[in-house]
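> sharing a model prediction with you, sequence too.
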Amino acid sequence: MRSITIGRYQVSVLLLLIIAIISPIVFAAAYLWTVRTIPFSVDEPLSITDFPSSFHVRPGENKTLDITILNSANINYSVRLLLALNDTAYQESYVNLSNLTYNITPNTNQIIAWIFVNKTAPPTWLELHIDFLRW
């Protein structure tokens, strides 16, 4: 087996090769053990907390819809309220929804949307979806 003389000592080339290969691995492992990983999330600061459990309107009526949005952040947001019925054809033919933009301040915000049903609308049972787009 080959060896190298270092000062008064003869060191095996194989030993030096093993040290050269293992050293970076040991260094990397030591580095990885010092790194800590923690969960990180960005949560939605707004939530719809109160809204009517049902909504009844007659053809030709314009009714308001009271909605409460909670802003758990300490900054204001602009929010576009998105109202939609589960029957797009009926909505396009007979219903106008406000879909307005609101300024949402920290804490609780009472906002009012409106729904107008055309006087020619036939009776029906639908679902009203309430959502928002924040920016």
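Looks like it arrived, so ask away. Residues are numbered from 1 along each chain as shown.
> what sits against the residue sitting nearest the centre point of the chain?
Central residue of the chain (Cα atoms, centre = their mean): residue 44, 5.2 Å from the mean position. By Cβ atoms under 8 Å, 6 or more residues apart in numbering, residue 44 lies in contact with residue 134. Any C-beta I mention is one placed from the backbone N, CA and C, and that applies to glycine too.
> same check, this time on residue 78
Residue 78 neighbours (Cβ under 8 Å, 6+ apart): 101-104, 134-135.
> need those in a markdown table with neighbour count, secondary structure and pLDDT, can you?
As requested, the contacts of residue 78 are arranged in a markdown table below (neighbours: other Cβ atoms under 10 Å; DSSP: H, G, I helix; E, B strand; the rest coil; pLDDT from 0 to 100):
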| residue | neighbour count | secondary structure | pLDDT |
| --- | --- | --- | --- |
| 101 | 11 | strand | 95 |
| 102 | 17 | strand | 97 |
| 103 | 10 | strand | 97 |
| 104 | 21 | strand | 98 |
| 134 | 13 | strand | 95 |
| 135 | 7 | coil | 89 |
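> ok, residue 93 to residue 65 distance?
20 Å (Cβ to Cβ, to the nearest Å).
> those two: which has the busier surroundings?
More crowded of residue 93 and residue 65, by other Cβ atoms under 10 Å: residue 65, with 19 against 12.
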